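[1] got a structure for you, letters missing:
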Ligand SMILES: O=C([C@H](O)CO)[C@H](O)[C@H](O)COP(=O)(O)O
């Protein structure tokens, strides 16, 4: 099994603070996620900036597309995104549109299972449609209501689909081992890094934990 990748969620609205945070944690992360509020606020310019600064990290743009898949995703791939997200609840027509846009740019698609009622069915259909990643995701609002992604992660990774499985939703140092053991290929961490007194130190700890758990 390949070592899981670490995805840092950049969830600030501030352009310069986002770039500065990315600089601090770059040695420890594999993927920069431009979070949904951040990409809505800052747009393509931030994708271009991070693409130019970080040739060694993948860039995921968390569009959470709900309609007009190909039309919405195309400029973000053209600006340098390696991965864009589309909502599982959008349906296969929209997911297929984002897959078309990704193919045209030799890039990838993540289907976000957030709030999907039948996650197993959606993950299967997304894999069959050609998505490369499915994301098990407990959003910030659901986390505030006490939910976690752990049960869903196990259900989706147990399917053994030909996709990578990403997990997001309040992952922190104490839950890294659990999600690696449950089969996560991509571990998304936001608040546990950007909310730490030293984001670089928190990212370094997460890197060590992921590498140790995946060894
Ligand atoms: O995707 C996210 C959320 O929907 C806002 O865009 C977060 O980036 C993701 O949940 C990771 O952040 P944490 O849950 O704080 O680790």
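    Thanks, I have the structure now. Everything numeric here is computed off the predicted structure, so don't read it as measured data.

[2] For the chain, give me the ranges with low pLDDT.
    When residues are selected by pLDDT under 70, those of the chain lie in 1, 214-215.

[3] Let's see that with 90 instead.
    1-2, 214-215 (pLDDT under 90).

[4] Spell out which residues of it are next to the ligand.
    9, 11, 33, 35-37, 62, 139-140, 168-171, 188-192 (Cβ under 6 Å from any ligand atom). To be clear about C-beta, it is placed using only N, CA and C from the backbone, and glycine gets the same treatment.

[5] Can you turn the buried part of the residues you listed into a ChimeraX selection?
    In ChimeraX, a selection of the buried entries from the residues of the chain next to the ligand looks like this (16 or more other Cβ atoms under 10 Å):
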select :9,11,33,35,36,62,139,140,168,169,170,171,188,189,190,192
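
[6] From the residues of the chain next to the ligand, which land in helices?
    If you go by DSSP state H, the residues of the chain next to the ligand have 36, 37, 140, 191, 192 in helices.

[7] In space, what's closest to the fourth one - neighbours in sequence excluded?
    In this case it means residue 191. Computed as Cβ to Cβ, 6 or more residues apart in numbering, the closest residue to residue 191 that is not its neighbour in sequence is residue 170, at 7.0 Å.

[8] pretty sure the one you found contacts residue 148?
    Yes. With the criterion set as Cβ atoms under 8 Å, residue 170 and residue 148 qualify as a contacting pair; they are 6.8 Å apart.

[9] if I look at the two, which residues touch both of them?
    When contacts are counted by Cβ atoms under 8 Å, 6 or more residues apart in numbering, residue 170 and residue 148 are jointly contacted by residue 138.

[10] So what are the sheet partners of the strand or helix carrying residue 111 and their directions?
    Under DSSP states H and E, the secondary-structure element containing residue 111 is strand 108-112. Next to strand 108-112 in the sheet, as set by DSSP bridges, lie strand 83-87 (parallel), strand 133-137 (parallel).

[11] now those strands in TSV, with mean neighbour count?
    Shown next, in TSV, are these (neighbours: other Cβ atoms under 10 Å):
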stretch	mean neighbour count
strand 83-87	27
strand 133-137	27
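
[12] Can you lay out those as CSV showing distance to residue 197?
    Formatted as CSV, the strands paired with strand 108-112 follow (distance: least, Cβ to Cβ, whole Å):
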stretch, distance to residue 197
strand 83-87, 30
strand 133-137, 26
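
[13] can you pull up the bridge partners for residue 7?
    Judged by DSSP bridges, the bridge partners of residue 7 are residue 31, residue 188.
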